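Novice: predicted model and sequence follow; I will ask about them next.
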Amino acid sequence: MEIFKYMEKYDYEQLVICHDKTSGLKAIIGIHDTTLGPALGGTRMWNYKTEEEAIEDALRLSRGMTYKAAAAGLNLGGGKTVIWGDPKTQKSEELWRAFGRFVQSLNGRYITAADVGTVVDDMDYIRQETKHVVGVSKTLGGSGDPSPKTAYGVFRGIQACANEVWGSDDITGRVVAVQGVGKVGYYLCEYLHKAGAKLIVSDIDKEAVDRVVREFGAQAVGLDEIYGVECDIYSPNALGATINDETIPQFKCKIIAGGANNQLKEERHGDIITEKGIIYAPDYVINAGGLINVADELKGYNEERAMQSVSKIYDNIKKVFQIAKRDNIPTYKAADRMAEERIEKLGRVRNTYLG
Ligand SMILES: NC(=O)C1=CN([C@@H]2O[C@H](COP(=O)(O)OP(=O)(O)OC[C@H]3O[C@@H](n4cnc5c(N)ncnc54)[C@H](O)[C@@H]3O)[C@@H](O)[C@H]2O)C=CC1
Ligand SMILES: O=C(O)CCC(=O)C(=O)O
């Protein structure tokens with residue numbers, strides 16, 4: 001990979017490679033854009049096959065955070081860390097503290113949080129070395145597990161989609177096919193059930209499926225069956241890339257709205273579902289609840305205020321639909337445009353010399 005060429009193409013600011021021999025830390029911090037504020041994004045710990053794969057992930061994910069924060073209306077830029085290592089065997093206090101010191105050395109340009117392979121306890125170790133970490137435990141003044149807030153944001157986004165398609169937020173009796181009933185999927189099912197929706201679910205984890213069947217009267221289906229079930233809404237909450245050439249012909253839904261990251265396998269799949277008449281809630285707009293929630297810690301965490309901010313995902317999704325109609329483009333492009341317009345306009349405003 002030609003790193004500078006890639007950074008130039010997508011306008012990256014900084015890539016920081018961190019190494020600590022004692023703990024075996026190999027971390028790559030990507031800082032994409034800080035026009036709106038300090039770069040905030042989680043730390044992913046993953047056993048990458050190659051160094052190149054890890055660098056590519058840090059770059060790709062940090063750019064995604066710029067868009068997520070901008071579309072959420074936050075005064076934050078985009079960053080992300082990847083730690084090259086096995087989260088099951090290579091975590092230690094010294095690793096997190098070594099990493100925390102590297103974060104501190106950036107002096108607030110980058111604020112870290114949890115992501116795939118990292119949990120609240122890891123953030124608590126990082127906190128011992130730097131204040132530039134969020135998603136720490138409630139006992140340390142943090143907000144703990146972000147999943148319930150992410151699920152609430154997805155639920156609000158689903159209401160906005162329902163309003164767009166059926167003219168009302170009411171989803172009583174609507175059938176929602178929920179793929180993945182892990183942390184986000186479980187809490188989402190709870191919100192949907194309380195709102196009167198009927199649930200069809202799938203997950204590779206049988207216990208997770210049994211729980212939502214038992215607690216919310218969901219109907220369980222096979223892993224490949226979920227795409228083709230008769231439903232109003234398909235809600236992906238497991239893996240990415242489930243909107244693809246194989247699944248699109250099977251969809252019978254009117255809406256696709258879920259918490260999973262990177263739902264479109266390729267951008268063109270966003271065009272195809274639009275042509276098919278399916279309303280798509282862009283992933284990084286609808287799943288920003290976790291980010292909005294941890295960002296509240298920067299003001300001194302207040303759960304009520306955080307929930308009110310997450311609730312605004314409803315308005316953000318509506319804004320995406322307006323831009324899509326205004327410019328006659330698919331919603332995934334409208335989301336990018338919304339984020340880019342905000343960065344561009346505020347970037348210009350913030351250029352004013354203040355003395
Ligand atoms: N946890 C959070 O606050 C946020 C999560 N996300 C995204 O939401 C998605 C879910 O995240 P979590 O709930 O935290 O993860 P999780 O690991 O708790 O849940 C994912 C679930 O998907 C299931 N799964 C895996 N492959 C599957 C398949 N082929 N078919 C059906 N189910 C399958 C797993 O068994 C698991 O129960 C991920 O894409 C994540 O990146 C995005 C923003 C924030
Ligand atoms: O929710 C978090 O813990 C941090 C935000 C983040 O990295 C994300 O939304 O991908």
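Specialist: Alright, I've got the coordinates. Residues are numbered from 1 along each chain as shown. Ligands and ions are numbered 1, 2, ... in the order given.

Novice: would you map out the domains in the chain?
Specialist: As given by automatic domain parsing, the domain ranges for the chain are 3-66+76-139, 147-289+314-340.

Novice: whichever strand or helix holds Val310 close to ligand 1?
Specialist: Val310 belongs to helix 303-311 when assigned by DSSP states H and E. No - residues of helix 303-311 are not located near ligand 1 by C-beta under 6 Å from any ligand atom, the shortest gap being 10.9 Å. Every C-beta, even on glycine, is put in place using the N, C-alpha and C of the backbone.

Novice: run through who's touching that helix.
Specialist: With contact meaning C-beta atoms under 8 Å, 6 or more residues apart in numbering, helix 303-311 is reached by 143, 149, 152-153, 156, 289, 292-293, 296, 299.

Novice: most neighbours, which of these?
Specialist: Greatest neighbour count in these, by other C-beta atoms under 10 Å, goes to Gly153: 33 neighbours.

Novice: surely Val16 is in a strand?
Specialist: Yes - Val16: assigned to a strand according to DSSP: H, G, I helix; E, B strand; the rest coil.

Novice: please name the residues that touch it.
Specialist: 28-31, 102, 106, 110.

Novice: what's the pLDDT at it?
Specialist: Note on Val16: pLDDT of 98.

Novice: beta partners of it?
Specialist: Ile29 (DSSP bridges).

Novice: picking up where we left off before, in helices, which of the contacts of helix 303-311 fall?
Specialist: Under the assignment DSSP state H, the contacts of helix 303-311 contribute 149, 152-153, 156, 289, 292-293 to helices.

Novice: columns pLDDT and distance to ligand 2 on top of those, output as TSV?
Specialist: Listed next are these as TSV, based on pLDDT from 0 to 100; distance: C-beta to the nearest ligand atom, whole Å:
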residue	pLDDT	distance to ligand 2
Lys149	97	8
Tyr152	98	13
Gly153	98	10
Arg156	98	16
Gly289	98	8
Ile292	98	9
Asn293	98	7
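
Novice: reformat those as TSV; add distance to Gly180.
Specialist: As requested, the ones in helices among the contacts of helix 303-311 are arranged in TSV below (distance: C-beta to C-beta, whole Å):
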residue	distance to Gly180
Lys149	17
Tyr152	17
Gly153	16
Arg156	19
Gly289	16
Ile292	21
Asn293	20
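
Novice: quick check: Asn287 vs ligand 2, distance?
Specialist: According to C-beta to the nearest ligand atom, to the nearest Å, Asn287 stands 7 Å off from ligand 2.

Novice: once you drop chain neighbours, what's closest to the closest residue to ligand 1 within the chain?
Specialist: Among the residues of the chain, Gly182 lies closest to ligand 1, at 1.9 Å counting by C-beta to the nearest ligand atom. Leaving aside its chain neighbours, Gly182 sits nearest to Ala208 (6.2 Å; criterion: C-beta to C-beta, 6 or more residues apart in numbering).

Novice: over to Ser92?
Specialist: If you skip the residues right next to it in sequence, Ser92 has Ser23 as its closest partner in space, 6.1 Å away by C-beta to C-beta, 6+ apart.

Novice: what pLDDT does the model give the residue sitting nearest the centre point of the chain?
Specialist: Among the residues of the chain, the one closest to the centroid is Asn287, at 4.7 Å (C-alpha atoms, centre = their mean). We have a pLDDT of 97 for Asn287.

Novice: that one: what's it in contact with?
Specialist: Applying C-beta under 8 Å, 6+ apart to Asn287 gives the contacts 150, 153-154, 184, 258-261.

Novice: up against ligand 1, what does the protein have?
Specialist: So far as C-beta under 6 Å from any ligand atom goes, the chain lies against ligand 1 at 146-147, 150, 179-185, 202-205, 208, 223, 237-239, 259-261, 287, 290.

Novice: quick one on the thing from earlier: I'd like the contacts of Val16 laid out as CSV, including pLDDT and distance to Asp121.
Specialist: Formatted as CSV, those follow (pLDDT from 0 to 100; distance: C-beta to C-beta, whole Å):
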residue, pLDDT, distance to Asp121
Ile28, 98, 22
Ile29, 98, 21
Gly30, 98, 24
Ile31, 98, 25
Phe102, 98, 19
Leu106, 98, 23
Tyr110, 98, 21
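
Novice: buried ones among the residues you listed?
Specialist: Buried members of the contacts of Val16, counted by 16 or more other C-beta atoms under 10 Å: 28-31, 102, 106, 110.

Novice: possible to save the residues you listed as CSV with distance to Gly85?
Specialist: Converted to CSV, the buried ones among the contacts of Val16 look like this (distance: C-beta to C-beta, whole Å):
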residue, distance to Gly85
Ile28, 12
Ile29, 15
Gly30, 17
Ile31, 21
Phe102, 15
Leu106, 20
Tyr110, 19
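
Novice: flag every residue of the protein that's near ligand 2.
Specialist: So far as C-beta under 6 Å from any ligand atom goes, the chain lies against ligand 2 at 41-42, 68, 113-115, 135, 146, 290-291, 294.

Novice: rerun at 8 Å
Specialist: Residues of the chain that fall close to ligand 2, judged by C-beta under 8 Å from any ligand atom: 40-42, 61, 64-65, 68, 80, 113-115, 134-135, 146, 150, 261, 284, 287-288, 290-291, 293-294.
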